[in-house]
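Colleague: from the sequence below, what's the structure:
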Amino acid sequence: MRKRLLLCFFGFLISTISAQDILDTKDTLIVGYTTAPPFIVQNGETLEGINVWLWERVSKDLELTYELKQMPFSDILDSLGNGTIDVSINPLTITSERSKLMEFTHSFYASNSTIIVAEVSALQKFLQFINSFFNQNFLKGLLLLLFIIFLFGLAGWYFERKENNEHFRPNYRGIWDGVWWSAVTLTTVGYGDKAPKTRMGKIAALVLMFGGLLFISGLTASIASNLTVTQLNSNPDGFNEFKERSVGTIENSGANQFLKEHFFKQIRTYDGVVPGLKGLMNGDVEAFMYDEPILKYRIQEDSTFSKLQLLPVKFDVQFYAFGIAKQRTELEQRISQRILEIMETQEWEVVLNEYGLTEL
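Modeller: Take a look at the predicted model:
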């Protein structure tokens, strides 16, 4: 009797495990996605792209039955967390926070984030160059320069008006002669058409020449510094230069989390890359930050964004993988193993090259 009970128990256990295996492999999987060229490209009613090719290859090899379900990117993460969908074939960045909510397959591609800005026209560059002169420090220096010229011009005329009236005429015309002499002396032009003859006039000229030389040098350095700052601001080439600017990225993305961790103050999130790039073109943000291959592919393929420019800035290295619901651990292991096997083939390199990508 005991033997029969044990046999029945083991038979039930084996049948339960077998049934669970069948459920894991034979039931219809709900696969969520949203377009993310070049990984997922919507071409009419058909899907193309690197991830689509990889998933179709994996599902065929493992004999998986699935149903595709399109949804917003933010809904994909929530749906994986609550088990509404079984798999996401989007290029999800592996992060510690996401790992608490879902499983990840083996990474199939490594990338990084980058920055895209609106191109500055030649007219805008010229206006920026002109505006760089009319800042507060430059205007203060210019007013001080005019004051020095007038002060020493008046002093030169006062000392020379009696003994040197050929060069420094009387009345208001003499004052103009003094201002002219002061200007050409201060700027070291020295035409020689006017020169002091008295002792006090020559002392004033010496003070003007040596003091003016130092002042002009300082003013020139200030202008050069302002022009350099303007050039850096109009052509930023560093990640940290955008911390005080308004930047855009994708909501709930790895790039968004990275920007928050690095203390960016003005972050505006969008539901997708296209709305984000349109916001950049409309001036809603000064830069848009997201995954480099997706941004690069979008501006190359869509002429609407031809006036946008990718900066040579790379940050936040990311590893892409498929997301799997927590309760599908066995399925994740099988998919990961197959992804590794596919990545070792030359066919995988051909697929990447077809979409203009290479391994990082």
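Colleague: all strands for this structure, in order.
Modeller: Listed in chain order, the strands found in the chain under DSSP state E are 28-33, 41-43, 46-48, 65-70, 87-93, 102-104, 109-118, 246-250, 266-270, 287-291, 308-310, 315-325.
Colleague: tabulate these (a markdown table), appending mean neighbour count and distance to residue 212.
Modeller: Using the backbone N, CA and C atoms, a C-beta is placed for each residue, glycine as well. A markdown table is the format used below for the strands of the chain (neighbours: other Cβ atoms under 10 Å; distance: least, Cβ to Cβ, whole Å):
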| stretch | mean neighbour count | distance to residue 212 |
| --- | --- | --- |
| strand 28-33 | 19 | 71 |
| strand 41-43 | 15 | 67 |
| strand 46-48 | 14 | 70 |
| strand 65-70 | 13 | 72 |
| strand 87-93 | 25 | 60 |
| strand 102-104 | 22 | 69 |
| strand 109-118 | 20 | 42 |
| strand 246-250 | 23 | 44 |
| strand 266-270 | 17 | 45 |
| strand 287-291 | 25 | 44 |
| strand 308-310 | 15 | 44 |
| strand 315-325 | 22 | 48 |
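Colleague: got those strands as CSV, with distance to residue 201 and mean pLDDT columns?
Modeller: Shown next, in CSV, are those (distance: least, Cβ to Cβ, whole Å; pLDDT from 0 to 100):
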stretch, distance to residue 201, mean pLDDT
strand 28-33, 86, 96
strand 41-43, 81, 92
strand 46-48, 85, 94
strand 65-70, 87, 96
strand 87-93, 76, 96
strand 102-104, 85, 96
strand 109-118, 57, 93
strand 246-250, 58, 95
strand 266-270, 59, 95
strand 287-291, 59, 95
strand 308-310, 59, 91
strand 315-325, 64, 94
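Colleague: which of these sits closest to residue 346?
Modeller: Proximity to residue 346, assessed across the strands of the chain by Cβ to Cβ, is greatest for strand 109-118 (16.2 Å).
Colleague: residue 200 versus the residue nearest to the spatial centre of the chain, what's the distance?
Modeller: The residue lying closest to the centre of the chain (Cα atoms, centre = their mean) is residue 115, at 2.2 Å. Distance, residue 115 to residue 200, by Cβ to Cβ, to the nearest Å: 62 Å.
Colleague: check residue 79 too.
Modeller: Taking Cβ to Cβ as the measure, residue 79 falls 89 Å from residue 200.
Colleague: between the two, who's got more neighbours?
Modeller: Per other Cβ atoms under 10 Å, whichever of residue 79 and residue 200 has more neighbours is residue 79, with 20 against 13.
Colleague: would you confirm that the residue nearest to the centre of the chain contacts residue 286?
Modeller: No - Residue 115 lies out of contact with residue 286 (Cβ atoms under 8 Å); the separation is 9.9 Å.
Colleague: which neighbours do these two have in common?
Modeller: residue 242 (Cβ atoms under 8 Å, 6 or more residues apart in numbering).
Colleague: so residue 320 makes contact with residue 106?
Modeller: No - here residue 320 does not reach residue 106: they are 10.4 Å apart, not a contact under Cβ under 8 Å.
Colleague: which outside residues touch stretch 144-156?
Modeller: Here stretch 144-156 has contacts from 168, 175, 178-183, 185-186, 196, 201, 204-205, 207-208, 211-212, 215, 219, using Cβ under 8 Å, 6+ apart.
Colleague: show me where the stretch 1-150 of the chain has its helices.
Modeller: Assigned by DSSP state H, counting those that start in this stretch, the stretch 1-150 of the chain shows helices spanning 2-26, 50-61, 73-82, 96-99, 122-131, 136-160.
Colleague: do the same with the stretch 151-300 of the chain
Modeller: 171-186, 199-234, 254-261, 273-281, 292-301.
Colleague: of the ones you listed, which is nearest residue 97?
Modeller: In terms of Cβ to Cβ, the element of the helices of the stretch 151-300 of the chain nearest to residue 97 is helix 254-261, at 7.2 Å.
Colleague: which secondary structure elements does the closest one contact?
Modeller: Packing partners of helix 254-261 (3 or more Cβ pairs under 8 Å, 6 or more residues apart in numbering; DSSP states H and E): strand 109-118, strand 246-250, strand 266-270, strand 287-291, strand 315-325.
Colleague: check which helices and strands the third one sits against.
Modeller: For strand 266-270, the elements it packs on are strand 246-250, helix 254-261, helix 273-281, judged by 3+ Cβ pairs under 8 Å, 6+ apart.
Colleague: and these: which comes nearest residue 53?
Modeller: Closest of the helices and strands packed on strand 266-270 to residue 53 is helix 273-281, at 20.4 Å (criterion: Cβ to Cβ).
Colleague: next, the angle from that closest one to helix 292-301.
Modeller: Relative orientation of helix 273-281 versus helix 292-301 (axes from the mean of the first three to the mean of the last three Cα atoms, to 10 degrees): 70 degrees.
Colleague: contacts for helix 273-281, please.
Modeller: Outside helix 273-281, the residues within contact range by Cβ under 8 Å, 6+ apart are 36, 116-118, 248-250, 268, 270, 285-288, 290, 294-295, 298-299, 305, 307-308.
Colleague: report the buried residues of it.
Modeller: Neighbour counts over helix 273-281 (16 or more other Cβ atoms under 10 Å) mark 273, 276, 277, 278, 279, 280 as buried.
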